[in-house]
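In: generate a structure from the sequence data that follows.
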Amino acid sequence: MPLPSSDLPRPSPDVMGWSPTSTGCDVHGVLFDMDGTLVDSTPVVEFLWGEFAARYGIDLAPLLRYAHGRQSHDTIQEFAPPGVDPAAATAEFERRELTCMTGIAEIAGARQLLAAIGDAHIAVVTSAPRALAVARLTAAGLSIPTVLVTSEDVPRGKPDPAGYTLAAARFPGRSAGCLAIEDAQAGIQAAIASGARTLVLGSHRSPATRHLPRVPDLTVIHATRHADHRVHLRWPHPAA
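Out: Numbers count the residues shown, from 1 in each chain. Predicted structure coming up:
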């Protein structure tokens, strides 16, 4: 179940200067979520979960709220009715996901921002299996990053920070030297808990986002590579 507000992770001391009015940072690595952050997969994801909910007589609305940003087996284990084998149901769901790419597209500004940052400074941290991550990034017209952390790479999915911690280990300064960009509650919690600076993409609000900056979309983020192997990212003040 989602963490109660009293248990939500807080930024570590080395990023306590981070606030809703922050408009940029210098980092060694930028850690992107995939679905909803780089890839617009909402229509197909909601369609597939709709199929699953109808098959097992599950209320779709709470399932979708829980599922966003989480590994599919975590969601299925949470919602599968008695008598349903979560492992078998997950395997079937993931096979179905690989057949559905219609309507998948890049999030506005994704391709341009990734090119400006450069592959040497990028990681994608997704709750999807590797085959699905590669398929969706490709369907959206995005390059596969050298650092791609998927569900097979970590013992626990978001909101556990393992994926972000693993990705950040590839960059100088580890998590403290990285910016994570996330759009969903589970991913935001994971990114904060990893110790990375965390930037909220889109409109999601919760106690976890109260002290974080946000951007409406990726088109407003500008990246400049420096000679010291860092990237400067900037975005407008929220009042602008």
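In: gap between the most centrally placed residue in the chain and residue 126?
Out: The chain has residue 33 as the residue nearest its centroid, 2.5 Å off, counting by C-alpha atoms, centre = their mean. Separation of residue 33 from residue 126 (C-beta to C-beta, to the nearest Å): 7 Å. Every residue, glycine included, has its C-beta placed from N, CA and C.
In: the residue nearest to the centre of the chain: what's it in contact with?
Out: Going by C-beta atoms under 8 Å, 6 or more residues apart in numbering, residue 33 touches 69, 124-126, 180-184, 187.
In: want to try a markdown table for those residues, with secondary structure and pLDDT as columns?
Out: What follows is the contacts of residue 33, written out as a markdown table (DSSP: H, G, I helix; E, B strand; the rest coil; pLDDT from 0 to 100):
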| residue | secondary structure | pLDDT |
| --- | --- | --- |
| 69 | coil | 88 |
| 124 | strand | 98 |
| 125 | strand | 98 |
| 126 | coil | 97 |
| 180 | strand | 98 |
| 181 | strand | 98 |
| 182 | strand | 98 |
| 183 | coil | 97 |
| 184 | coil | 95 |
| 187 | helix | 97 |
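In: quick one: which two of those residues are the most distant?
Out: Maximum pairwise distance in the contacts of residue 33, criterion C-beta to C-beta, is 14.4 Å, between 124 and 184.
In: show me what the lengthiest helix in the chain is packed up against.
Out: The helix that spans the most residues within the chain, counting by DSSP state H, is helix 42-56. With contacts taken as 3 or more C-beta pairs under 8 Å, 6 or more residues apart in numbering; DSSP states H and E, helix 42-56 sits against helix 60-67, helix 72-79, helix 86-97.
In: swap in 7 Å and give it another go.
Out: Packing partners of helix 42-56 (3 or more C-beta pairs under 7 Å, 6 or more residues apart in numbering; DSSP states H and E): helix 60-67, helix 86-97.
In: residue furthest from the geometric center of the chain?
Out: residue 83 (31.5 Å).
In: and that residue, helix, strand or coil?
Out: State at residue 83, reduced to three classes by DSSP: H, G, I helix; E, B strand; the rest coil: coil.
In: gap between it and residue 63?
Out: Distance of residue 83 to residue 63, computed by C-beta to C-beta: 18 Å.
In: over to residue 85?
Out: 18 Å.
In: so which of those two has more stuff around it?
Out: Per other C-beta atoms under 10 Å, whichever of residue 85 and residue 63 has more neighbours is residue 63, with 19 against 11.
In: my guess is that one contacts residue 79. True?
Out: Yes - assessed by C-beta atoms under 7 Å, residue 63 is found in contact with residue 79 at 5.2 Å.
In: ok so, going back, make a PyMOL selection of the buried ones in the contacts of residue 33.
Out: To isolate the buried ones among the contacts of residue 33 in PyMOL, judged by 16 or more other C-beta atoms under 10 Å, type:
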select buried, resi 69+124+125+126+180+181+182+183+184+187
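In: tell me which of the contacts of residue 33 is nearest to residue 102?
Out: residue 126 (19.7 Å).
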